[in-house]
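[1] 3D, please:
(chains A, B and C)
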Amino acid sequence: MDIARHINRLNPRQREAVLHTDGPLLVLAGAGSGKTRVITTRVAYLLSQGIPSEAVLAVTFTNKAAKEMRQRVMGMLKANGTKPPLISTFHSLCMNILRREIDKLGFRRDFTIYDTSDQHSLIRNLLSEIRYEDKSFKPESILERISMAKNDMPLPRSAKKDEPDDIEVISDAVYPKYREAMKTLNAVDFDDLLLHTVKLFNEHPAVLQRYQDKFRYILVDEYQDTNRVQYRLVSLLAGKHRNLCVVGDDDQSIYGWRGADLGNILDFERDFPGTVVVRLEQNYRSFGNILQAANGVIRNNRQRMEKTLRTEQGSGPKVSVFRADETDDEAKWVADRIELLKFEQQIAYDDVAILYRANLFSRPFEEALRRKRIPYTVVGGTSYFEQREIKDIASYLKICANKRDDLSLLRVANIPKRGLGPGALGKLFAFAKEHSLPLLDACRRADEVLDLGKRLRNSAQGLAELIERYSARFAQSKDMSNALRDLIDEIHYREHLHDLYKNQQSVIKRIEGYENFISSLAVYEKEEKLPDLHGFLEALALTDMLEQKDETKTFGVTLISFHSSKGLEFPIVFIVGVEEGILPHKKSIHDVEEERRLFYVGITRAMKKLFITHTRHRVKYGKAVPSSPSRFLEELPAEVTQNVSRFADDSPDTPEKAAEDFFKNIQRMMQK
DNA sequence: GTTAGTTCTGTTTTT
DNA sequence: CAGAACTAAC
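    Numbering: from 1, shown residues only, chains lettered A, B, ... in the order given. All right, here's what the predicted structure looks like:
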């Protein structure tokens, strides 16, 4: 059979991971050890053993990973026409469970998903409700604390335990109100998707059992990134049949700050007795010197499972370390080097990546590359969904889909201007509260709202009528994209944009934005078997369906953060800004080990040649300040690195030295 | 109800 | 320095 061929090509460890189908299995997959291949082959193998597709579940974090896995599994299965199993992100898995079962928790099945900015505005509303006027609190820090609480993270109580600081007090006050509000709004946030599912399983054992018996074989990718709630979810689901395979690399755990709990992977053996551990340490990606650099660095972490990456490739060139005088020199040097590589070694620009700690460091490199006419793409940045016109239109759809979603109604109530400003809405809102009605109903019954002018009553009723009418039209699920277009026309949204922005260019951009949105609705309708508005809004919240157009092909040199680079590989890698305060970032200094892992992730992206750069002076907010080399540089084994700085010494940064270096530098330039 | 001036802040990111 | 968010004056 076909599958045997795939299995034969694996190394012994990999094969072990594939063939161990029953009972708990922990696969510690080092960087570049062929992890995806193992996972895919394992899934295909399970199916070839006669296990029905429906009994297999693979969970990932991102849609991208899910998609990739799906494609590769399908590629292996295509010959024998087996149905692919469910490969899903944590969130869409929970979404699908809740869509069926959430009424058991007192929500309606037409619930809405709130994204971060929805949460943001809810918090703001709640704060003003408590009449908390102090503006020094950012809603996002409250949100952060709420999210931490939900994910059961030990909250960093103020170091001294005498009295909780203000942000704690206010968060503790807001949290219960937040939960309450979410329930009346019939909305759940991203954390809730997971949390409610766990709650559902805990409170309804029969439901849990149904899913346990359905998914008899479970696989979790990137297990080192799971948080406590995800851990609980997985334990519950796999609790009965215990055929749980988790794959991950504790050394690549770089999401502690958003709740990932390294303990999940470190304690897996303890939590699941009888676990078989497979270590994949054979690396197929990088030359030996790069691996030695990586091993040398990660060795310094205490909290980890011992592993050492090996390769059968040669050692390759040494890791070059360059020290620039300041930010622009660093960028210029990198650009020069890339150009040189291109000419001397016929390297394609696509093979090169520049990695940094924070996105804002991309600027000088963009500039330097542009000056040299070197093509590049910056990965990361603001997402499409943040755009105003998208939010506006999406809010209209949300209120049509879930008539209790006051927040979305609030957002669109005065877009375009209907005279429903804060004053009028406040009165409507008070009325709604008084009669415990959704805001939409309050608008419909605006006649009964005292001290509201006639015009405003008409406005509110008109709005309610509009929403009801389109809601009914969308509910028919026929030709939703045309309905949306009519809605946009009817509210004169285009004209609204013209009023809002005097710059023609940006108006055109935004019109393109919503046109794009409409066509993605059209695409959704065409591709989905049973399209409905909820399905579309889910896809919108849970997938990257809108920004997938240019994902696969990056052009030229790739500029990317360490975090986003995880999982990728490049023949040539530049790691830049490796300085104290940046690579162990000053705000993350409490978890130096995670910062070290970040560096490790960066190093292990490189296949053939790695450059590491740092500067003596960094331009920060317009001013140059002295900057010292990262402590991690000392951890690079000397035998695999070479210093390629103009000044070979590692002298401290005294004025005398600086002058001397300057002089040497001049001399060098004269010799050229 | 807007628009221009002002203050403030400044990691990492996915769902 | 630069972008966001907020305030004060039209």
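[2] For the residue lying closest to A:Met545 once chain neighbours are set aside, what are phi and psi?
    Using CB to CB, 6 or more residues apart in numbering and skipping residues adjacent in sequence, the residue nearest A:Met545 is A:Ala539, 5.3 Å away. The C-beta positions use only the backbone N, C-alpha and C, and glycine is treated the same way. Per-residue torsions, A:Ala539: phi -60, psi -40 (degrees, to the nearest 10).
[3] how near is A:Ala539 to A:Asp532?
    Separation of A:Ala539 from A:Asp532 (CB to CB, to the nearest Å) stands at 11 Å.
[4] between the two, who's got more neighbours?
    Each of A:Ala539 and A:Asp532 has its neighbours counted (other CB atoms under 10 Å); A:Ala539 has more, 21 against 17.
[5] The residue of the stretch 151-300 of chain A found nearest DNA strand B: what's it in contact with?
    Ranked by CB to the nearest atom of the strand, the top residue of the stretch 151-300 of chain A for proximity to DNA strand B is A:Phe190, at 3.1 Å. Counting by CB atoms under 8 Å, 6 or more residues apart in numbering, A:Phe190 touches A:His91, A:Ile113, A:Asp115, A:Thr116.
[6] can you rerun that using 10 Å?
    By CB atoms under 10 Å, 6 or more residues apart in numbering, the contact set of A:Phe190 is A:90-91, A:94-95, A:113-116, A:119, A:147, A:150, A:541-542.
[7] Just the ones in strands from those residues, please.
    A:Ile113, A:Tyr114 (DSSP state E).
[8] Quick one, which of the contacts of A:Phe190 are buried?
    Neighbour counting with 16 or more other CB atoms under 10 Å marks A:Phe90, A:His91, A:Cys94, A:Met95, A:Ile113, A:Tyr114, A:Asp115, A:Gln119, A:Ser147, A:Lys150, A:Ala541, A:Leu542 as buried within those.
[9] any chance of those residues in CSV, with distance to DNA strand B and pLDDT too?
    Below are these laid out as CSV (distance: CB to the nearest atom of the strand, whole Å; pLDDT from 0 to 100):
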residue, distance to DNA strand B, pLDDT
A:Phe90, 7, 97
A:His91, 3, 96
A:Cys94, 9, 97
A:Met95, 8, 96
A:Ile113, 9, 94
A:Tyr114, 10, 92
A:Asp115, 6, 88
A:Gln119, 9, 90
A:Ser147, 9, 88
A:Lys150, 11, 86
A:Ala541, 7, 89
A:Leu542, 4, 90
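[10] In helices, which of those fall?
    Counting by DSSP state H, the part of the buried ones among the contacts of A:Phe190 found in helices is A:Phe90, A:His91, A:Cys94, A:Met95, A:Gln119, A:Ser147, A:Lys150, A:Ala541, A:Leu542.
[11] Now do the helices in the stretch 301-450 of chain A.
    Applying DSSP state H, counting those that start in this stretch to the stretch 301-450 of chain A gives helices spanning A:327-345, A:362-371, A:388-401, A:406-412, A:422-434, A:439-444.
[12] lowest-confidence stretch among these?
    Averaging pLDDT over each of the helices of the stretch 301-450 of chain A singles out helix A:422-434 as the lowest, with a mean of 84.
[13] Can you pull the residues that touch both of A:Ala539 and A:Asp532?
    In contact with both A:Ala539 and A:Asp532: A:Tyr524, using CB under 10 Å, 6+ apart.
[14] Correct me if wrong: A:Ala522 contacts A:Glu528.
    No - with contacts defined as CB atoms under 10 Å, A:Ala522 does not count as touching A:Glu528, sitting 11.1 Å away.
[15] what residues are up against the residue nearest to A:Asn300 when sequence neighbours are not counted?
    The spatially closest residue to A:Asn300, leaving aside those adjacent along the chain, is A:Glu635, at 5.5 Å (CB to CB, 6+ apart). Each residue near A:Glu635 by CB under 10 Å, 6+ apart is listed here: A:Ala293, A:Gly296, A:Val297, A:Ile298, A:Arg299, A:Asn300, A:Arg596, A:Phe599.
[16] Over stretch A:186-198, what's the mean pLDDT, rounded is fine.
    95.
[17] Check the offset of that stretch from the chain's centre.
    17 Å (CA atoms, centre = their mean, to the nearest Å).
[18] how about the longest helix along chain A: buried residues?
    Longest helix in chain A, counting residues (DSSP H): helix A:504-527. By neighbour count on 16+ other CB under 10 Å, the buried set for helix A:504-527 is A:507, A:510-511, A:513-514, A:516-518, A:520-522, A:524-525.
[19] nearest to A:Pro84, of these?
    Ranking the buried residues of helix A:504-527 by separation from A:Pro84, with CB to CB as the measure, puts A:Tyr524 on top at 20.6 Å.
[20] Once you drop chain neighbours, what's closest to the closest one?
    Excluding the flanking residues, the one nearest A:Tyr524 by CB to CB, 6+ apart is A:Phe536, at 5.0 Å.
[21] Could you report the pLDDT at the one you found?
    Per-residue confidence (pLDDT) for A:Phe536: 94.
[22] in what helix or strand does it lie?
    helix A:533-542 (DSSP states H and E).
[23] Counting by contacts, list what that helix packs against.
    helix A:90-101, strand A:112-114, helix A:190-203, helix A:388-401, helix A:454-475, helix A:480-490, helix A:504-527 (3 or more CB pairs under 10 Å, 6 or more residues apart in numbering; DSSP states H and E).
[24] right, and the ones you listed - which one's nearest DNA strand C?
    Of all those, helix A:388-401 comes closest under CB to the nearest atom of the strand, at 10.4 Å.
[25] Grab the most central residue of chain A for me.
    A:Thr62 (7.2 Å; CA atoms, centre = their mean).
[26] wait, what's in contact with the residue lying closest to that residue once chain neighbours are set aside?
    Distances taken as CB to CB, 6+ apart put A:Thr89 closest to A:Thr62, at 6.5 Å, once the chain neighbours are dropped. A:Thr89 makes contacts with A:59-67, A:95, A:221, A:542-543, as judged by CB under 10 Å, 6+ apart.
[27] how much space between A:Thr89 and DNA strand C?
    Distance, A:Thr89 to DNA strand C, using CB to the nearest atom of the strand, to the nearest Å: 27 Å.
[28] Which pLDDT value goes with that residue?
    96.
[29] With A:Thr82 instead?
    Looking at A:Thr82, its pLDDT reads 81.
[30] swap in A:Arg299?
    As predicted, A:Arg299 sits at a pLDDT of 96.
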